[in-house]
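Trainee: here's a sequence, model it:
(one chain, ligands or ions: 1)
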Amino acid sequence: MNETLSRIVDSGVVAVLRGVPADQLVGIAEALREGGVTAVEITADTPGVADLIEEVSGSFDDEVVVGTGTVLDAETARTTLMAGAEFVVSPSLHEDVIETCNRYGAVSAPGVMTPTEAIRGYEAGADFVKVFPAKTVGPAHVGAMKGPLGQIPMMPTGGVGPDNAADFIEAGAFAVGAGGALVDYDAAERGDYEAITETAREFTRVVEEARADG
Ligand SMILES: O=C(O)C(=O)C[C@H](O)[C@H](O)COP(=O)(O)O
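Mentor: Numbering: from 1, shown residues only. Prediction:
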């Protein structure tokens, strides 16, 4: 397995940081890592995303795997890969983004909702697919897609929290992505990074237990 992908598997949870304030970034990434979440995605609509990716990848070496989220075009993929991103996630399917990632040896994950989109992304060379938005379709949808498409690693994202993460893992997801339910910017603003670590710990515990049960 690709090394970046195996580091995402190890984390089990990919933290989606959208609009993270620059002065909170390293503190939040550290708090997440303390709680076992060692894969972090900074979304491309975050101001200064390339600089933020460079900062976080320079701060942790191999301990934290860093990617770009909400990537809608090849230019954004290339720019952020050059800044140090190791994986690229999209809410939608863009074959030029997948192609660009493969050109530079990076992992790519298009956003998909249907079996047709999932297989199209995988045939285009994606390493895994992000089932998005996950909460509206639920774990049963992921389980049903994994039936005929068991070879495609799936990471449900969008409305995933410690309350439903186990159901997605039990349905066959190899990991989950989470933003709102995982990263509390207000807590970071107050300097309460321990709260972020606690949520991350709970999240990774739930995922590990669901894997052990499966
Ligand atoms: O556009 C993307 O690439 C995304 O990652 C979409 C959402 O920001 C994530 O799905 C996080 O969603 P929540 O966990 O519900 O906050």
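
Trainee: the longest helix along the chain near the ligand anywhere?
Mentor: Secondary structure of the chain per DSSP state H: the longest helix is helix 193-213. No: Helix 193-213 does not reach the ligand (C-beta under 6 Å from any ligand atom); its nearest approach is 11.0 Å. (Each C-beta comes from the backbone N, C-alpha and C, glycine too.)

Trainee: can you check stretch 22-33 too?
Mentor: No: Stretch 22-33 is not in contact with the ligand by C-beta under 6 Å from any ligand atom; minimum separation 13.6 Å.

Trainee: mean confidence for that stretch?
Mentor: In this model, stretch 22-33 has an average pLDDT of 97.

Trainee: ok, and what's touching the helix or strand that contains residue 98?
Mentor: Per DSSP states H and E, residue 98 falls inside helix 95-103. With contacts defined as C-beta atoms under 8 Å, 6 or more residues apart in numbering, helix 95-103 is touched by 71-74, 76-78, 81, 87-88, 90, 107-108, 110, 120-121, 124-126.

Trainee: how about it: buried residues?
Mentor: 97-98, 100-101 (16 or more other C-beta atoms under 10 Å).

Trainee: identify the farthest-apart pair in those residues.
Mentor: Taking C-beta to C-beta as the measure, the buried residues of helix 95-103 span a maximum distance of 7.4 Å, between 98 and 100.

Trainee: on that earlier part again, ok, the buried residues of helix 95-103 vs residue 7, which is closest?
Mentor: Distance to residue 7 across those (C-beta to C-beta) is lowest for residue 101, with 15.7 Å.

Trainee: roughly how far does the closest one sit from the ligand?
Mentor: 14 Å (C-beta to the nearest ligand atom, to the nearest Å).

Trainee: nearest residue to that residue other than its sequence neighbours?
Mentor: Closest residue to residue 101 apart from its sequence neighbours, by C-beta to C-beta, 6 or more residues apart in numbering: residue 108 at 3.6 Å.

Trainee: SS state for that neighbour?
Mentor: Three-state assignment for residue 108 (DSSP: H, G, I helix; E, B strand; the rest coil): strand.

Trainee: how close does it sit to residue 62?
Mentor: 20 Å (C-beta to C-beta, to the nearest Å).

Trainee: what residues does the chain have near the ligand?
Mentor: 16, 18, 43, 69-70, 89-91, 132, 157-160, 177-181.

Trainee: buried among those? Need that as a selection in ChimeraX.
Mentor: Restricted to buried positions by 16+ other C-beta under 10 Å, the ChimeraX selection for the residues of the chain next to the ligand reads:
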select :16,18,43,69,70,89,90,91,132,157,158,159,160,177,178,179,181
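
Trainee: on the pLDDT front, check the residue located most distally from the centre of the chain for me.
Mentor: Farthest-out residue of the chain from its mean C-alpha position, per C-alpha atoms, centre = their mean: residue 190, at 25.4 Å. Residue 190 carries a pLDDT score of 96 in this model.

Trainee: what's the answer for residue 61, then?
Mentor: In this model, residue 61 carries a pLDDT of 81.

Trainee: distance of it from residue 7?
Mentor: 12 Å.

Trainee: more crowded one of the two?
Mentor: Taking other C-beta atoms under 10 Å, residue 61 and residue 7 do not tie; residue 7 has more neighbours (19 against 7).
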